[in-house]
Each structure stands twice: as C-alpha cells, then as structure tokens.
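>>> need the 3D shape of this:
(chains A, B, C and D, ligands or ions: 6)
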Amino acid sequence: MSLNSSQVKKVMLEIGETVEKNKEFLTELDLAIGDADHGINLTKGFRAVATKLSATETDDIGEIFTLVGMTLVGNVGGASGPLYGTAFMRAGSYAAGKTSLIADDFVGILEAAIGGIKMRGKAEAGDKTMLDALIPALNAFQEALKQGITVHGALTKAVEAALAGVNYTKEIQARKGRASYLGARSIGHQDPGATSTYLMLRTISKAVQTQGQPEK
Amino acid sequence: MSLNSSQVKKVMLEIGETVEKNKEFLTELDLAIGDADHGINLTKGFRAVATKLSATETDDIGEIFTLVGMTLVGNVGGASGPLYGTAFMRAGSYAAGKTSLIADDFVGILEAAIGGIKMRGKAEAGDKTMLDALIPALNAFQEALKQGITVHGALTKAVEAALAGVNYTKEIQARKGRASYLGARSIGHQDPGATSTYLMLRTISKAVQTQGQPEK
Amino acid sequence: MKKLINNPELVVEEMLEGILEAHPNHLRKLSAGNILVRKDAPVNGKVALISGGGSGHEPAHGGFVGRGMLDAAVAGAVFTSPTPDQIYEAIKGVVSEAGVLLVIKNYTGDVMNFEMAAEMAQADGIKVESVIVNDDVAVENSTWTTGRRGIAGTIFVHKIAGAKAEAGDSLGEVKAVAEKVIANTRSMGMALTPCILPAARKPNFALADNEMEIGIGIHGEPGTHREELKSADEITLHLVNKILEDMHLTVGDEVAVMINGLGATPLMELYIVNRKVKQILTEQGIKVGKTFVGEFMTSLEMAGCSVSLLKLDSELKELLEAPADTLALKVL
Amino acid sequence: MKKLINNPELVVEEMLEGILEAHPNHLRKLSAGNILVRKDAPVNGKVALISGGGSGHEPAHGGFVGRGMLDAAVAGAVFTSPTPDQIYEAIKGVVSEAGVLLVIKNYTGDVMNFEMAAEMAQADGIKVESVIVNDDVAVENSTWTTGRRGIAGTIFVHKIAGAKAEAGDSLGEVKAVAEKVIANTRSMGMALTPCILPAARKPNFALADNEMEIGIGIHGEPGTHREELKSADEITLHLVNKILEDMHLTVGDEVAVMINGLGATPLMELYIVNRKVKQILTEQGIKVGKTFVGEFMTSLEMAGCSVSLLKLDSELKELLEAPADTLALKVL
Ligand SMILES: Nc1ncnc2c1ncn2[C@@H]1O[C@H](COP(=O)(O)OP(=O)(O)O)[C@@H](O)[C@H]1O
Ligand SMILES: Nc1ncnc2c1ncn2[C@@H]1O[C@H](COP(=O)(O)OP(=O)(O)O)[C@@H](O)[C@H]1O
Ligand SMILES: [Mg+2]
Ligand SMILES: [Mg+2]
Ligand SMILES: [Mg+2]
Ligand SMILES: [Mg+2]
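Ligands and ions are numbered 1, 2, ... in the order given. Coordinates of the predicted model:
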C-alpha cells in the first residue's frame, strides 16, 4: 500500500461524505445516551474540512492532517471536536513532511491519534468511547501485519475489530463523557463516538482497497 | 306576600345553595366568553355570606342586605363581586329599618339593585350583562302587579322574563365586561352573570311560593 | 396539568411567603391581607403608588414594589381582581400626606374593585387618585365597549410615575405623568400555548400544534384571530404594525421598547423578537431608547410574548432612566 | 415544536443581535465570534473572568457579563460547547496584565474546548487559570466517572469571583475564592416537561402527564430517576435532602440559596419552592442569607427548577453582597 497526498485528501472528503450520510444515525445513537448532536456536530465539522481542503495546495500529508484537525477543533465543538481534532493534529505531527504513506505509517497514525485522544479525554479502553473502536483496530492491524497478512487484509481485520469494539460498547457502562451520567442505564446502547470512528476506518479501508495503486 | 327577616335570611342561604349547585355550570359559561371563574367566585362569596349571616342577630332586613352586599364585595373579587355587592348594598339602603317585605318592596329592591349595578358597571340593557336578566324581571313583575295578577303569579312572570333575558343574551354581542373583548365572537353564548341573576330570582320565587305565609 | 404547587387554593399565600423569605430587606407584607409594601413604607411626603390585580402575572406586581416604583402591590386570587377592602388596606398602609395614586389595568373587575376602595379611602379623607392603563391594541377601543385591556405597558407606568413620585412631586403631577405614559403606550401580544389555572384541570383555551393566537390577553382571553404558526420575524412585524397603526409616530420619534415573555418563552426567543422590533423601527426612522427584554407581566405558564412601545419625550426619558430598586426591575 | 424563531441555524446569532440592540451601553460583541464582553473591556489591571458554554441556557452566560461579574461570555451553538478558537478570541479580547480566569462547567466538551483555548493563550504568554464547576449532586462523583455536572451553582462562582476580581485582587486570589465557592456549592434539579432543541423536531426525552424527572441536567440529561408528580413541598424536600447529604452543614451555618427556573416554570412556583427550602433549612438550624429566585441557568423551555445552596463564610458573604451590574443580576 502507498497513498499519496491527493489520495489522502480524497479519503478525508470521503470520510466527510460518510459522516453526512450517517448524520441521523449517529444523532439517534447520541439521543439515547447523550444529547443528540453527534452526527450534527461532525457533519458541520467535515463540511468545513471540505472547504478548507479545497483551498489548500500542499503536498505535505502532515499539513493536511493538521489542517483537518484544526478545522474540526474550530467547527465541531462539544466533546468530539477537541477529540477528533487532537487525533488528526497528532497524526499531522506524525506525518509531517511525508508526501506518501505506507502500511507502517498507518500504525504510526493510529498510535498518534490514540495518544492524542487519551491525553485530551483522559479516557482508557473500556470507558465506552471512540477509543473502544480505535484501539482494537490498531491491535488487529498490527497483529495481521505480524502474521504476514496483506495490507488490504490487515485493513479489513482492523475494520472488523473496530465493529466488534462498537458492539462491545453496548455491553459496558460509560465512564467518560455525557453518557456516564446515566450510570448503569448506559448499558445496552452503542457509543456514538465509537460508531463514528468505525465508520471513518471503514471509509479509509474501502478507499485504499478501491483506489488500488496511487495514480502517479 | 310578606317576608320577615328570618325568611329573608333563609332565602339568602338558599341563593348560596343554588349558586353552589350551579358552580360548574356558571364557570363553564364563563369559560366560553370570559375567564372561567364566575361560579367559583360567587360560591366563595356566598359561603362567606352564610358564615356572616349565621353570626348576626339583626332583624333589620336593610342590615341583612347590607351585610350580604359587603360580604360579597369583600370575598368575590372580579367584576361580579362589586356588582352583586353594590346591588345588595343598595337593596340594604332601600330596606333600612324594615323587618318585613311586601310585594311593593320587591319592586323597590330590584330598582335599587339595578341602579347600583348601572352606577358601578356603567352598563345598560342590551350590553349582555346581568342587567339583561334583572331589568326584564322587574318590568314583568311591575306589569303583572298592574294587571292585578297575584304576587306569586307576578314572581313567576318575573322569573320567566329573566330566563327570556338570559336567552336574549345569546343573540347579542357583549359590550361590557370580559366578553366584550371577543367582539362578534361573543354572540351565540349566554351571559354567565345574567344566568346567575336568573338563578337567584328563581330561588327567591320558589322560596316565596313554598314558604307561603311567614311563620310567625 | 403539571405544576410545582401544593394546594391550588393556597398558591397566592405560599408564593407571598416565599417572596418575603427571599427578600426580607426589600419588602414586607401587611397583616391585613395579601399586600406587599416596600420595607420603608409609608414614605413621608411622597405620593404612594399602588397597583395590583389578579395573581399569576408574576413578577407583576409585587416584583415592582420598591424605591422608584410601587409602594404597594395588592395580590388577588389567580386571575381575579383583589377585593376593595384589600386595596383599601393597602392605601391605609402606605399613604402619606402627599396622597395615593392607584394604577389600575383596564379590566371591569379591577376598575370596579379599585374604584370602590378609592371611595372608601376618600370617605376617610385620604387623597386618592387613579389612572387606568389600556395599552392593548388587540382590543378595539370604542366608547361602546369596555375599551382596550391593560397589559405589559403597565410596567412603564409603574416605572415612570414611580420615579416622579420618588422625586417628591405632587399627586397631581404624578397622576399627570402617569396619564402621559398611558396616552403614549401601546402593546400587543401573542401566544403559542395556553395557560392553566391552578384550580382548573384544563387549559383555558386550546391551540393546535401548528397554531398561535394573535392579540391574546394576559388571562388567555382570545385575541384578534388564530392562525398558523409563522416565523418570529413575521409575527413581530404583525404585532409592531398593529401597534404603529394606533400610535402615529413620525420619523425621528424615539420610543422605549418592552419585549415581555408570557411565562414559558425562552429569553433567547424574546431577544430574537427584539432584534426584529429594532429592525422595523429603524427602517421607519424611529429611534429606540431604553429596551426591556424579559418577563414582566406573565400569564402563568403561557408561551408567547407581547411587544410594548412607549413614545418618549425628554421628561419620560429621564424618568425611565431614574434609579429603581425592585425585585424585577433595577436601574442603577 | 412551537418556537418564536426564524431559522434554527441562526438562533444564536439572532439572539446576540437582539441582546446587543437592547443593551448597547452594557455590552459589545467581539467581531471574532459569538462573544459578548463588557463594554469597557479590557479593564486595566483587573483579572478577567470568562465563562461560556452551549447556548439555550439564557440568561447564562451573556446575562452575567458586566461590572462585578464576567468580562466575557462565549456562546456556543445550542447545547454545544464553543470551540477553542472562540474562547481564545475571548481571552485575547478581555485580558489585562492581571490574567484571565476561565469558569468552566464540568462537561467533557466544555472542559476540553476551554483547556485547548487556555493552552493556545498560554502559548502566547497569557496568564490563564481555570476552575471547573461541578455542583450537581444528582450525578455521582467518583474518580471513575466524569464527575458531577456544573449547573446553576455556576452563577455563585460568577458573582463571587467577579466581585473579587473587581476588587483588584490577583489571579491566584480570584481563583482561590472561585474554588472555595465550588467546594461549598451543591445543586439539584428536576423537570416537569422536556426541552426541544431548535434544530430538532422532537423533545429530547418524554415524560408522561403525571411524571417528573428528578435530578435532570440542564441539557435534559436524565437524572437519578423518574417518578409520579408530587407536591411542591415533597419535591423540594427531596432536592434539599439530596443536597444536604452531600454538604455536611451544621447548626448555625449560613447558606445562600438559589431557586432557578429551567425556562417554563412560573415565578409563582419558584417562590412556593423557596418557601419550603427556607422552612427545611430553618428546621435544621441553618441560617439563610442572600436568596436568588428566578431564571439564571435555563434549559430552553423546560419546566422545572433547581435548588442550589452555597455555604457562606464572611468572605463569601461580603463578595456576594458586593455591587454587580449585569443584565440578569444586579446588586446595588
Ligand atoms: N473523555 C472522552 N474520551 C474519549 N472519547 C470521549 C470522551 N468523552 C466523550 N467521548 C466520545 O465523544 C462522543 C460524543 O460526542 P459528541 O456527541 O459530539 O459530544 P458531546 O457529548 O459534547 O455532545 C461519545 O460518544 C464518546 O465516544
Ligand atoms: N360593566 C358591567 N356591568 C354589569 N355587569 C357586568 C359588567 N361587566 C361584567 N358584568 C357581569 O359580570 C359577569 C362576569 O362575572 P365574573 O366572571 O365573576 O367576573 P370577571 O369577568 O371579572 O371574571 C358577566 O357575565 C356579566 O354579567
Ligand atoms: Mg453529543
Ligand atoms: Mg369571570
Ligand atoms: Mg375573573
Ligand atoms: Mg453536545
């Protein structure tokens, strides 16, 4: 696998489309255990991202991620704005100066994103947050690479693990974010943030698989 | 006809009972074109009247009416408190010093009451108020006496005329009181105050007819 | 009906207790009845201002008792005028040698009960005058009817006549300025939802999910008409136009504005209405002076608002800006 | 959904316009965003107080901007924390050499957005401190959770830290007194009806005709439980008991009281609640100091209320009584 900067930009736009398509769904999930705005907030953020990306010429993937992160921070608000924003900004630091990404970079990016979210949100695995999709995805991806599975195969494993993580959030009680006010009543509902994380990973995986090799 | 003071007291209490029995009815009428409190207000007032009357020894019918009037003024509030209060207080002035009432006194009392209501409320016949029951009742009573009809018969005519007056209020537009805000939309509804006046007159008539001659 | 109450028959008494517990340095209650007076009443040599009416319009009128506004507020039962004896006690409780001005809203019940109280006080030799506020343009003002109702514009009277009285002016002067305010104030309201009397089991009118009542009274009395819900801007334009039709303002005139919430309307929405009021007036060349946005004269938990305009001159402007220290309106 | 609005996406902007039109002498807006600041900001040598959060809680927080309270309020979208860049602009707009204190309500979103803004300002060399208000005893405070929410008790922080800052005290001192207020404030709320977000078509929760939600949050977040509607006295007793369980007051202690309406509850009912609060506290030998009754931190058009208690000492008492001149809270 290798993605160049224009492919990275394209994936970012596709993530926005996915979020927008799932706006109602994510908001409904947030209605059950939060304040019914997760889909609305993210859609607003990724629309702004699309505008910003269309105005930038940079080839530096680090700069692209940083721009995405800052735009999310500046337009989403609530909890997911700073969290996804920090995640992308950390990914930007990781990818600084790069003009293409390989499989190992995917590990580095996910590690950076997880680190950012943990720092900002002070959450751990099992708190019923986006981390419960992201951490299993990273682990599965690394495991698959170790087992010599292809990058495409590893991405598929990562997405499967993220979905399993989303399902796991149904079984656990929230210990962070708005859902934690519900106490035991949060059990039985899947976490909106974990769900949006899964949707983003799925979009990335699909994009890589269908784009195949970079155009140039 | 002749009523002594204890009979007058008794009639006052009976008026209170009638009002209380028709509390919901009067309030419903007031709901349609007013503020849904006419039955509640009058009931509160006549309960206070009952308490006051039970505590007075006077034989002076003027004093009895004045006490009723002042108690209504002090306990009813809204429009009907001052109006019925003034009516009874004026009747009290008329009857000052009397210990029994004859047919002609009924004329004097109604005239005094009408005068008081007109003074206080600045209303005329046809404004869709209690006057539209009271004035026809007085006219019918006087006419009947002139025609030589018995007092009982004349009272019956008066009550019939009051009822006709109540029905007439359905056809006209209110020009006084809360119902006047409705403009033409007040047409079709009978006036609560005219209705309570009719009920009071009917109670008086019934009392006179069944009590027959004074006890002592 | 969902209310935070105990006994519907005791709401007024319990409310007054709660007010007194909260504001012991501002207010006291006359033992003679449901009458709130300013702590330092009677104020020597000052014309005393008294208002009142049915309860359920809080903060009116107890919330406007204090330095620079009312001396006493008489609280009737919910939506029912207080009785003359209560008003008479209020007069006796706050009167000084300078006399008393009664500020009455134009409802048959209020007018008659206050008038009777005035007669009782006059019989005692007390100097009593009264003014009748009738700012609601939703109701046609014809000599054949009871005339326009008194609604939120009443607060302008309390404020300005209160400032005049606080300045030590005579009963005649205070009454004259109150009448000037009345002559120059017009209001109109609308409702999105009805209100429910504590003693009743049902709302006093019904509105469909997409309906509003235009020209509503503060007791839920019907207005000019009912129609489909419109945007805040359209509604505001309608209310302001009705007011202006009756006000004859000319370019360069200055008005004070009051956007009054009827009980359940968020402050956010009242400010959205105010934005449009200002736009409309500016377009017509009318200057906007002091603006009040909030709940001043409510109708229990009714959702909706009223707009009031007061045409200012230099005297009214100055009095409107004069200090006031009441629970619901403070001017520093 | 019945609202007096135009476009759900513009409610915050249109509200701010309406506020500015109404109070041009008190407030101005920073061109950089939805930020209201006191007219005379930045005030030289004074610690600047900044608060904010999602909109829909009016008068919080713009209504508390002014002398003796906040220097700036940052308004997010309805029920959504403002973004760090907006908060950063507010900091830059009101900061003096004395530094800035951020008053944050304890919601994950608010905390993170304000923290990021603080980091941005600190990177510029600006002195920024922050405090996190967590007065809501309905939510269990455990190290394993996000902790208690911040609700109406926040206004006590604005008032007292605001007075301290106005007195010219240092950032450390202002922060210390804010933390003292937080440590001594507890609140709990309940709702009779839900609220509806302007952009949503339906209420964010549903209550049956005879039900109430105890321990509700100011965004309609669920509380401790749902039960059949009770009398005002019973409800008040429950709220106060939950607060006292967490407060450890002893006979002779003095508290300030805030009875806060959530949007649609008539003032009459809030005073009925206050009456009972006073009774309960008096029975327990606790003195009641300054009492606030009204709407301070609402949830759009939710019906219900919250009760807040602040344990006073002589310093807090004095600062609570200090002058303040804001739209929603004036102390003369
Ligand atoms: N402390 C945290 N750490 C990581 N993720 C969190 C944290 N708090 C909340 N989240 C995530 O944020 C999601 C909610 O996002 P959103 O609805 O946009 O914000 P808000 O709760 O402010 O309305 C949750 O579903 C959860 O996945
Ligand atoms: N000006 C008036 N003159 C005579 N009767 C009047 C006048 N105004 C109102 N009424 C009578 O009072 C009745 C309403 O009484 P009530 O409901 O007790 O008072 P309110 O309108 O203050 O609630 C009306 O039905 C009408 O008969
Ligand atoms: Mg959310
Ligand atoms: Mg009535
Ligand atoms: Mg009435
Ligand atoms: Mg949110």
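
>>> and the closest residue to ligand 6 within chain A, what does it touch?
As assessed by C-beta to the ion, ligand 6 sits closest to A:Gly78 within chain A, at 3.8 Å. Every C-beta, even on glycine, is put in place using the N, C-alpha and C of the backbone. The contact partners of A:Gly78, by C-beta atoms under 8 Å, 6 or more residues apart in numbering or on different chains, come to A:37-38, A:41, D:80-81, D:109, D:113.

>>> now for the residues you listed: which two are most distant?
A:His38 and D:Asn113 (15.5 Å; C-beta to C-beta).

>>> neighbour-wise, which of the two wins?
Neighbours were counted for A:His38 and for D:Asn113 using other C-beta atoms under 10 Å in any protein chain shown; D:Asn113 has more, 33 against 29.

>>> can you give me the strands for chain A?
With strands called from DSSP state E, chain A shows them at A:2-4, A:100-102.

>>> Provide the strand pairings for the last one, with the direction of each partner.
It refers to strand A:100-102. Partner strands and pairing direction for strand A:100-102 (DSSP bridges) are strand A:2-4 (antiparallel).

>>> partner residues bridging C:Lys311?
So, taking DSSP bridges as the rule, C:Lys311 has C:Val255 as bridge partners.

>>> buried residues of the lowest-mean-pLDDT helix or strand in chain A, list them for me.
One helix or strand of chain A scores below all others by mean pLDDT, DSSP states H and E: strand A:2-4, with a mean of 90. For strand A:2-4, the neighbour count (16 or more other C-beta atoms under 10 Å in any protein chain shown) marks A:3-4 as buried.

>>> so how far is that strand off the chain centroid?
Chain-centre distance of strand A:2-4: 18 Å, with C-alpha atoms, centre = their mean, to the nearest Å.

>>> do stretch A:145-160 as well
Chain-centre distance of stretch A:145-160: 17 Å, with C-alpha atoms, centre = their mean.

>>> using the three-state scheme, assign the residue of the stretch 101-250 of chain C found nearest ligand 2.
Closest approach between the stretch 101-250 of chain C and ligand 2, counting by C-beta to the nearest ligand atom: C:Gly109, at 3.2 Å. Look at C:Gly109: counting by DSSP: H, G, I helix; E, B strand; the rest coil, its state is helix.

>>> give me the number of residues near it?
Burial of C:Gly109 is recorded as 29 neighbouring residues (other C-beta under 10 Å).

>>> burial count for A:Glu171?
A:Glu171 has 10 neighbouring residues, counting by other C-beta under 10 Å.

>>> surely it touches A:Ile187?
Yes. Judged on C-beta atoms under 8 Å, A:Glu171 makes contact with A:Ile187 at a distance of 6.8 Å.

>>> the closest residue to A:Lys98 other than its chain neighbours and A:Met12: what is the separation?
The shortest distance from A:Lys98 to any non-neighbouring residue, by C-beta to C-beta, 6 or more residues apart in numbering or on different chains, is to A:Ile61 (4.8 Å). Noted for A:Ile61: a distance of 10 Å to A:Met12, by C-beta to C-beta, to the nearest Å.

>>> pLDDT below threshold where in chain C?
Scanning chain C for pLDDT under 70 picks out C:141-144, C:201.

>>> do the same with chain A
Counting by pLDDT under 70, the ranges of chain A that qualify are A:1, A:212-216.

>>> and the helices in chain C?
Assigned by DSSP state H, the helices in chain C fall at C:11-22, C:84-94, C:108-123, C:154-166, C:171-183, C:232-245, C:267-283, C:314-321.

>>> do the same with chain A
Ranges of helices in chain A, per DSSP H, are A:5-21, A:23-33, A:38-54, A:61-75, A:80-94, A:103-121, A:131-146, A:151-171, A:192-211.

>>> out of these, deepest packed?
helix A:80-94 (a mean of 25; mean count of other C-beta atoms under 10 Å in any protein chain shown).

>>> packing partners of it?
In terms of contacts (3 or more C-beta pairs under 8 Å, 6 or more residues apart in numbering or on different chains; DSSP states H and E), helix A:80-94 is packed against helix A:38-54, helix A:61-75, helix A:103-121, helix A:192-211, helix D:108-123.

>>> can I get these in CSV with distance to B:Ser100?
Shown next, in CSV, are the helices and strands packed on helix A:80-94 (distance: least, C-beta to C-beta, whole Å):
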stretch, distance to B:Ser100
helix A:38-54, 83
helix A:61-75, 90
helix A:103-121, 92
helix A:192-211, 86
helix D:108-123, 82
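
>>> what about C:Val251, how many neighbours?
Look at C:Val251: counted by other C-beta under 10 Å, it has 8 neighbours.

>>> surely it is in contact with C:Gln284?
Yes. Contact criterion C-beta under 8 Å: C:Val251 and C:Gln284 qualify, at 7.3 Å.
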